[in-house]
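Undergrad: Pasting the sequence and the predicted coordinates here, then a few questions.
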Amino acid sequence: MTLTEQLARIRRGCVDVITEQSLKAKLSTGRQLIIKAGFDPTAPDLHLGHTVLLRKLRHFQDLGHQVIFLIGDATGLVGDPSGQTQTRRLLTWEDVRRNAKTYQEQVKGLLLTDPKVFEVRYNSEWFLGASPQMRQSGVERFDFSKFVPLASRATVSRLMTRDDFSKRLKAGKPVSLLELFYPLMQGYDSVKIAEQHGACDVEIGGTDQTFNLLMGRELMSAYGFDPQVVLTMPLLEGTDGVNKMSKSLGNQIGISEPPDEMFGKLMSIPDTLIIKYFTLLTDRDSAQLAALEKQLKAKQINPRDTKADLATDLVSLYHTAEAAQRAREEFFKVFSRRAPPTEISSLKMTEKADGQVDLVSLLVGAKLAKSNNDARRLIRQGGVKLNGFPVASPVVALAQASGAILQVGSRHFRKLVVSS
């Protein structure tokens with residue numbers, strides 16, 4: 001593959017390459033590059049937003065380069081302030097370790113795991129002197145003798161130039177010392193990778209990570225290493241079409257979700273995100289996507305059908321082609337022909353003393369509503385049905401509910417059974 005072709009593959013979907021000249025020079029050497037991306041295990045499940053970076057790592061692997069999949073179990077204790085409007089809730093060591101356990105398993109379907117092009121590292125290895133993988137080399141404790149030279153590399157005024165901090169201060173919201181230290185920790189990760197691997201050539205992150213990534217460049221130079229190339233990827237909006245995909249916002253599409261659930265969520269994204277999802281989450285040809293975008297703008301094709309193709313591609317990637325086809329057929333059965341799903345899970349309900357069933361508690365307990373107020377709103381707006389008919393009251397008679405098909409919104413169905 002020519003240098004031009006390599007750059008085209010690497011640049012697909014990217015926002016910035018800092019600097020492209022440095023990237024060209026590194027690629028031109030013909031050696032295997034060291035590519036780093038860090039993931040703080042703040043939640044147990046990876047979602048499609050995470051895969052934007054993972055897929056870019058895979059592009060580098062396909063070109064023969066080595067990926068360092070860095071699990072930020074130490075930085076996860078601090079909490080990345082990027083994009084945060086307030087101080088994050090601190091996680092416990094147990095939270096971080098529990099979440100980290102699932103990450104390696106989940107990335108196997110996306111990244112090549114041949115040791116020649118893949119290595120998992122934890123930054124607790126150089127911050128806490130502990131290796132979850134029981135490594136014998138590269139493990140050291142970060143003490144005050146290391147803190148002093150690291151902290152001396154940055155000034156408070158430099159750290160406060162990032163938008164996240166300045167906006168919070170203007171709004172009268174606090175910024176903790178831990179948050180100020182986070183960019184230095186992430187940059188130090190790159191220094192340690194370069195120290196132990198001979199180089200840290202490229203670091204990939206979202207656009208909200210730009211400050212941290214550039215801090216890595218500065219620290220590498222300060223510690224005597226060739227600075228990494230920074231490659232930023234766009235943030236992926238979630239199902240609401242507005243906010244960055246996040247479990248805390250409830251707009252995520254998990255890569256381990258059941259096929260039907262994943263397919264349904266993908267069908268719910270706004271039409272404006274179709275091409276972006278195709279570009280960042282699939283390997284569809286760029287020329288094909290340009291033609292598809294033109295057809296969508298000219299209203300020559302139905303966005304629903306295009307979204308169904310997108311959902312089929314992604315469910316096939318994370319499950320199987322057969323599972324994707326079944327999910328597609330099930331979706332159109334339920335939503336086009338208004339028929340209930342073929343398979344409906346049961347939901348046990350408890351009878352009140354007066355022979356009634358409290359639908360509000362039932363919905364919240366089954367996680368079909370976020371809160372009591374949300375459940376009441378769904379009922380009031382006709383979003384809760386029994387056997388196809390909207391319910392008007394938050395309580396119904398047990399005799400009416402027993403054996404009925406409960407429908408919440410357009411995608412959630414449960415068969416109601418009496419708890420024994």
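TA: Arrived safely, thanks for sending. Numbers count the residues shown, from 1 in each chain.
Undergrad: Could you use CA atoms for every contact and neighbour count after this?
TA: OK.
Undergrad: Would you agree residue 312 is in contact with residue 325?
TA: Yes - assessed by C-alpha atoms under 8 Å, residue 312 is found in contact with residue 325 at 6.8 Å.
Undergrad: Between these two, tell me which one has more neighbours.
TA: Comparing residue 312 with residue 325 by other C-alpha atoms under 10 Å, the one with more neighbours is residue 312, at 24 against 19.
Undergrad: Setting the sequence-adjacent residues aside, check what's closest to the more buried one.
TA: Leaving aside its sequence neighbours, residue 312 sits nearest to residue 324 (C-alpha to C-alpha, 6 or more residues apart in numbering; 5.2 Å).
Undergrad: helix or strand for that neighbour, which one?
TA: helix 321-335 (DSSP states H and E).
Undergrad: Same question for residue 203.
TA: strand 202-206.
Undergrad: Sheet partners, orientation included, of that strand?
TA: strand 34-39 (parallel), strand 229-233 (parallel) (DSSP bridges).
Undergrad: Now the longest one - C-alpha only, CSV.
TA: Extracted in CSV, the C-alpha atoms of strand 34-39 (Å, rounded to 0.1, in the frame of the first residue of the first chain):
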residue,chain,number,x,y,z
ILE,A,34,3.5,2.2,18.4
ILE,A,35,-0.1,3.4,18.5
LYS,A,36,-1.7,4.2,21.9
ALA,A,37,-5.3,4.8,23.0
GLY,A,38,-6.4,4.9,26.6
PHE,A,39,-9.8,3.9,28.0
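Undergrad: Name the residues that touch it?
TA: Applying C-alpha atoms under 8 Å, 6 or more residues apart in numbering, the set of residues contacting strand 34-39 from outside is 53, 57, 60, 65-72, 190, 197, 199-205.
Undergrad: In helices, which of the residues you listed appear?
TA: Of the positions in these, 53, 57, 60, 190, 197 sit in helices, assigned by DSSP state H.
Undergrad: that older thread, how far out from the middle of the chain is the helix holding residue 324?
TA: In terms of C-alpha atoms, centre = their mean, to the nearest Å, the gap separating the centre of helix 321-335 from the centre of its chain is 24 Å.
Undergrad: other SSEs contacting the helix or strand just after that helix?
TA: Next along the chain after helix 321-335, taking DSSP H and E as the criterion, comes strand 346-349. Contacts defined by 3 or more C-alpha pairs under 8 Å, 6 or more residues apart in numbering; DSSP states H and E place strand 346-349 against strand 412-418.
Undergrad: partner strands of the strand it packs on, parallel or antiparallel?
TA: Sheet pairing here is set by DSSP bridges, and for strand 412-418 it gives strand 346-349 (parallel), strand 405-408 (antiparallel).
Undergrad: Now do it: everything it contacts.
TA: Strand 412-418 is contacted from outside by 340-341, 344-351, 368, 401-407, using C-alpha under 8 Å, 6+ apart.
Undergrad: So how do I select the buried members of these in PyMOL?
TA: The following PyMOL line selects those of these that are buried, judged by 16 or more other C-alpha atoms under 10 Å:
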select buried, resi 340+341+347+349+350+368+401+403+404+405+406+407
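Undergrad: Could you pull up phi and psi at residue 16?
TA: When read as degrees, to the nearest 10, the backbone of residue 16 gives phi -140, psi 150.
Undergrad: Could I get the contacting residues of it?
TA: 230-233.
Undergrad: hmm, 6 Å instead?
TA: Listed by C-alpha atoms under 6 Å, 6 or more residues apart in numbering, the contact set of residue 16 reads 231-232.
Undergrad: Tell me how far residue 182 lies from residue 92.
TA: 17 Å (C-alpha to C-alpha, to the nearest Å).
Undergrad: More neighbours: the two, which one.
TA: Remark: of residue 182 and residue 92, residue 182 carries more neighbours, 19 against 12, as counted by other C-alpha under 10 Å.
Undergrad: tell me which element the more buried one falls in.
TA: helix 177-197.
Undergrad: what mean pLDDT does that helix have?
TA: Across helix 177-197, pLDDT averages out at 92.
Undergrad: Most neighbours among the ones in helices among the contacts of strand 34-39, which one is it?
TA: Top of the ones in helices among the contacts of strand 34-39 by neighbour count (other C-alpha under 10 Å): residue 190, with 28 neighbours.
Undergrad: For that residue, give its distance to residue 28.
TA: Look at residue 190 and residue 28: by C-alpha to C-alpha, they are 22 Å apart.
Undergrad: What of residue 323?
TA: Look at residue 323 and residue 28: by C-alpha to C-alpha, they are 42 Å apart.
Undergrad: More neighbours: those two, which one.
TA: Set residue 323 next to residue 28 and count neighbours by other C-alpha under 10 Å: residue 323 wins out with 17 against 11.
Undergrad: Now do the same contact list for residue 79.
TA: Contacts for residue 79 were tallied using C-alpha under 6 Å, 6+ apart; there are none.
Undergrad: Show me the domain layout of this structure.
TA: 3-237, 257-335, 346-418 (automatic domain parsing).
Undergrad: How about the contacts made by residue 373?
TA: Taking C-alpha under 6 Å, 6+ apart as the test, residue 373 contacts no residue whatsoever.
Undergrad: Give me the buried positions along the helix or strand where it lies.
TA: Assessed by DSSP H and E, residue 373 sits inside helix 372-380. Within helix 372-380, the residues scored as buried using 16+ other C-alpha under 10 Å are 372, 375-379.
Undergrad: For that helix, give the mean pLDDT please.
TA: Helix 372-380 comes out at a mean pLDDT of 89.
Undergrad: pull the CA atoms of that helix into CSV?
TA: Written as CSV, here are the backbone C-alpha positions of helix 372-380 (Å, rounded to 0.1, in the frame of the first residue of the first chain):
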residue,chain,number,x,y,z
ASN,A,372,-41.9,7.6,39.1
ASN,A,373,-42.5,10.9,37.3
ASP,A,374,-41.2,9.4,34.0
ALA,A,375,-43.6,6.5,34.4
ARG,A,376,-46.6,8.8,35.1
ARG,A,377,-45.7,10.9,32.1
LEU,A,378,-45.6,7.8,29.8
ILE,A,379,-49.0,6.7,31.1
ARG,A,380,-50.5,10.2,30.8
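Undergrad: Would you mind measuring from the nearest residue to residue 302 once chain neighbours are set aside to residue 283?
TA: Excluding the flanking residues, the one nearest residue 302 by C-alpha to C-alpha, 6+ apart is residue 296, at 7.4 Å. Residue 296 sits 19 Å away from residue 283, going by C-alpha to C-alpha.
Undergrad: if you count what's nearby, which of those two comes out ahead?
TA: Ranked by neighbour count (other C-alpha under 10 Å), residue 296 and residue 283 place residue 296 first, with 18 against 11.
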